[in-house]
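Participant: When you get a sec, could you give me coordinates for this:
(one chain, ligands or ions: 1)
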Amino acid sequence: MAEISLIAAISSNWVIGNKGKLPWHIEEDLKYFHNKTNGKYVIVGGNTFRNTSRKIWEDKKVLILSNDKKLDLPVFNIQRFDSAYVLREYLNKINEEVFVVGGEQLYKLFLPYAKNIYLTTVFAVVEGDARFPFFDTRKWIRSMNIQGQGKNPKYSFNKFVRNA
Ligand SMILES: NC(=O)c1ccc[n+]([C@@H]2O[C@H](COP(=O)([O-])OP(=O)(O)OC[C@H]3O[C@@H](n4cnc5c(N)ncnc54)[C@H](OP(=O)(O)O)[C@@H]3O)[C@@H](O)[C@H]2O)c1
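Facilitator: Numbering: from 1, shown residues only. Presented below is the predicted three-dimensional model:
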């Protein structure tokens, strides 16, 4: 059975996106994201997939949750699921860490099943229309907290592990 990990960057007011895009450009965080997920299974929602460059997905095993048949690309590393139930059945057969990479709907859907949350905290209040779902930090143990190099905005890399 897959170990589910959420990976996201969130602002101080829990924003993750605005009008389909990230509200910031943090090169170190993009590198961190790729280092964590390259070669791995990632689960992505239709909106996030449509709004990102195909290049991002080249080095990953991509599982898209979407009803959009146009996303059935003839590329070997991409599979589309139109049912969360069928996707979860598929995950039951995978024995490795699988990263849920957004967006808002997908984080909400998979938070109850997550063992780990890799959270880049961006120390800024930003406007946005997509948010990370609330999770009670008392029920999770923060096992990593590393300050990022950038200053404007400042950010830190965190890992939360579910306190079962
Ligand atoms: N800060 C971060 O780390 C981060 C990471 C990723 C994304 N984001 C941001 O998040 C925002 C997008 O979030 P979002 O909530 O709009 O979109 P999303 O979660 O990426 O995708 C939602 C889509 O997933 C599909 N879907 C969801 N539940 C489904 C189900 N049960 N069965 C079948 N399909 C299902 C549908 O796709 P179809 O409409 O195709 O059927 C739905 O429209 C953007 O602003 C993006 O920049 C931020």
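Participant: just checking, Ala8 is part of a helix?
Facilitator: No - the assignment for Ala8, made by DSSP: H, G, I helix; E, B strand; the rest coil, is strand rather than a helix.
Participant: bridging residues for the closest residue to Phe33 other than its chain neighbours?
Facilitator: Nearest residue to Phe33, sequence neighbours excluded (Cβ to Cβ, 6 or more residues apart in numbering): Ile7, at 6.6 Å. For the C-beta atoms, the positions are set from N, CA and C on the backbone; glycine is no exception. Assessed by DSSP bridges, Ile7 has beta-bridge partners Tyr118.
Participant: my guess is Ile7 meets His34, correct?
Facilitator: No - the criterion here is Cβ atoms under 8 Å, and Ile7 misses it with His34 at 10.8 Å.
Participant: And those two? Which one has more around it.
Facilitator: Ile7 (21 against 12; other Cβ atoms under 10 Å).
Participant: In stretch 40-57, which residues are buried?
Facilitator: 40-49, 52, 56-57 (16 or more other Cβ atoms under 10 Å).
Participant: need the residues of the protein near the ligand, please.
Facilitator: Residues of the chain lying close to the ligand (Cβ under 6 Å from any ligand atom) are 8-9, 16-17, 20-22, 45-48, 65-68, 82-84, 101-106, 109, 130.
Participant: Select the longest helix from the protein.
Facilitator: helix 27-37 (DSSP state H).
Participant: What helices and strands are in contact with that one?
Facilitator: Judged by 3 or more Cβ pairs under 8 Å, 6 or more residues apart in numbering; DSSP states H and E, the packing partners of helix 27-37 are strand 3-11, strand 114-122, strand 155-162.
Participant: Tell me which helix or strand comes right after that helix.
Facilitator: strand 41-45 (DSSP states H and E).
Participant: tell me the angle of that next one relative to helix 27-37?
Facilitator: 120 degrees (axes from the mean of the first three to the mean of the last three Cα atoms, to 10 degrees).
Participant: Check the separation of the first and last residues in stretch 96-104.
Facilitator: Between the opening and closing residues of stretch 96-104 lies a distance of 23 Å (Cα to Cα, to the nearest Å).
Participant: ok, and for that stretch, which residues are buried?
Facilitator: 98-104.
Participant: Tabulate those (CSV), appending pLDDT.
Facilitator: As requested, the buried residues of stretch 96-104 are exported to CSV (pLDDT from 0 to 100):
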residue, pLDDT
Val98, 98
Phe99, 98
Val100, 98
Val101, 98
Gly102, 97
Gly103, 97
Glu104, 98
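Participant: Make TSV out of those and add secondary structure and distance to Gln149.
Facilitator: Putting the buried residues of stretch 96-104 into TSV (DSSP: H, G, I helix; E, B strand; the rest coil; distance: Cβ to Cβ, whole Å) gives the following:
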residue	secondary structure	distance to Gln149
Val98	strand	29
Phe99	strand	23
Val100	strand	26
Val101	coil	22
Gly102	coil	23
Gly103	coil	26
Glu104	helix	28
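Participant: No further queries at this time; thank you.
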